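>>> with the sequence up front, the predicted model follows.
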Amino acid sequence: MTKVFIDGQAGTTGLRIKDRLLQREDIELLIIDEDKRKDTNEIKKFINASDITFLCLPDAAAIEAVSLLDKDNTKTKIIDASTAHRTNPNWAYGFPELSEDFRRRIETNQLIANPGCYASGFNAIVAPLVAHGVISADYPLTCFAVSGYSGAGNKAIAQYEDLNRDVELDSPRQYALTQNHKHLKEMVAISGLGQTPIFSPMICDYKCGMVVSIPLFTNMMNKKYALNDVRDILAEHYEGKKAVKVRPVGFTENMIGANNFYGRDDMEIEVNGNDDRIVITSRFDNLGKGASGAAIQCMNLSLGIDEYKSLVIGE
């Protein structure tokens, strides 16, 4: 029986992880008393008693929690859902489909950083294109993304679900206007980019789901690739990976909805446009493959069991 502790189980990601693990016969959840969930000594005890600890905390609290790991403790694996360690070379980055090296490090490292939701959609597209030489590391990338309001946490959920909310919340709202979104650092590092992309995210009036879009000019690629060439390169990269599916060109005829993957833990990539201008999209649940689903997949890999156990994977 694997002992699991969730530090920060009251947040959106923590709650989803807890709900999934309560259904598992191979997991024993270690539940801290409500009145001690901010007691450092009690947290330290639970972390070191666990086989797996999930950190669903703000960055500073996650860093403090990692420091509570006993120096001689090589048993407890930490899976951190914050942004604190995602570009730290001592931590595995929790997106196994990016490469066999990423997968191996998740399987073997004691410390695993769970990817950000926007960064997952971005890196799923850009990292293979850079790795396979389709675009250069200095390609002037732009990224447009839409997300359900659950990605902004419990405060935003309460705000959006308030019957007396501001009418502005009825419309999509663009943010990160200073181009300093917290996911940009890992987007650059994990995809191996030489310059930071322009990133324009929007929060919208639906609960869960995300579409991340990357537009490309084919005449600015390392060589002239046709639409189908780009699709085939991505399809080959993700061949056999159940959690990332690359669809045929023309799979969606008109519109790509952002909320269709609600409750799922996989991601869908589409390549649309023409041989001059291409738009590549990734679609997924921001709380699934973009958060709790990715964390559970990392846990499964680190335990050496079926990586898709307790995940919802579509066709």
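Nice, thanks for sending it over.
>>> from what I see, residue 184 and residue 198 are in contact.
No: between residue 184 and residue 198 there is no contact under C-beta atoms under 8 Å: 9.8 Å. In this view, the C-beta of every residue, glycine as well, is placed from N, C-alpha and C.
>>> which one of those two is surrounded by more residues?
For residue 184 versus residue 198, the count of surrounding residues by other C-beta atoms under 10 Å is larger for residue 184: 21 against 11.
>>> report pLDDT for the more buried one.
Confidence at residue 184, expressed as pLDDT, is 98.
>>> contact partners for it?
196, 197, 199 (C-beta atoms under 8 Å, 6 or more residues apart in numbering).
>>> just the buried subset of those residues, please.
In the contacts of residue 184, burial by neighbour count holds for 197, 199, counting by 16 or more other C-beta atoms under 10 Å.
>>> check the chain for its longest helix and report it.
If you go by DSSP state H, the chain has its longest helix at helix 117-131.
>>> now that one: how far from the chain's centre is it?
Relative to the centre of its chain, helix 117-131 is centred 10 Å away, using C-alpha atoms, centre = their mean, to the nearest Å.
>>> can you start the count at 807 instead of 1 from here on
In the new count, where the first residue is 807, that last one comes out as helix 923-937.
>>> so which bits of that helix are buried?
So helix 923-937, judged by 16+ other C-beta under 10 Å, has buried residues 923-936.
>>> buried residues in the helix or strand where residue 1075 lies?
Residue 1075 belongs to strand 1073-1079 when assigned by DSSP states H and E. The neighbour-count check on strand 1073-1079 (16+ other C-beta under 10 Å) flags 1073, 1074, 1075, 1076, 1077, 1078 as buried.
>>> just send those back as TSV, with pLDDT and distance to residue 981 too.
Output for the buried residues of strand 1073-1079, formatted as TSV (pLDDT from 0 to 100; distance: C-beta to C-beta, whole Å):
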residue	pLDDT	distance to residue 981
1073	98	23
1074	98	25
1075	98	25
1076	98	25
1077	98	27
1078	97	26
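>>> name the nearest of these relative to residue 945.
residue 1077 (16.1 Å; C-beta to C-beta).
>>> which residues does that closest one bridge with?
Counting by DSSP bridges, residue 1077 is bridged to residue 1086.
>>> and the buried residues of helix 923-937, which is closest to residue 1091?
Looking across the buried residues of helix 923-937 and measuring by C-beta to C-beta, the closest to residue 1091 is residue 923, at 8.8 Å.
>>> from the buried residues of strand 1073-1079, pick the one nearest residue 1093.
residue 1073 (12.9 Å).
>>> I'd like the distance between that closest one and residue 1066.
Remark: distance between residue 1073 and residue 1066 (C-beta to C-beta, to the nearest Å) = 12 Å.
>>> name whatever forms a beta bridge with the residue nearest to residue 1095 when sequence neighbours are not counted.
If the residues on either side of it in the chain are set aside, residue 1095 comes closest to residue 1073, at 4.7 Å by C-beta to C-beta, 6 or more residues apart in numbering. Note on residue 1073: beta-bridge partners by DSSP bridges are residue 1050, residue 1090.
>>> residue 1073 contacts residue 1048, doesn't it?
No: contact criterion C-beta under 8 Å: residue 1073 and residue 1048 do not qualify, at 10.3 Å.
>>> mind listing what residue 1029 touches?
Residue 1029 neighbours (C-beta under 8 Å, 6+ apart): none.
>>> next: the one 3 residues further on.
Residues near residue 1032 by C-beta under 8 Å, 6+ apart: 1024, 1081.
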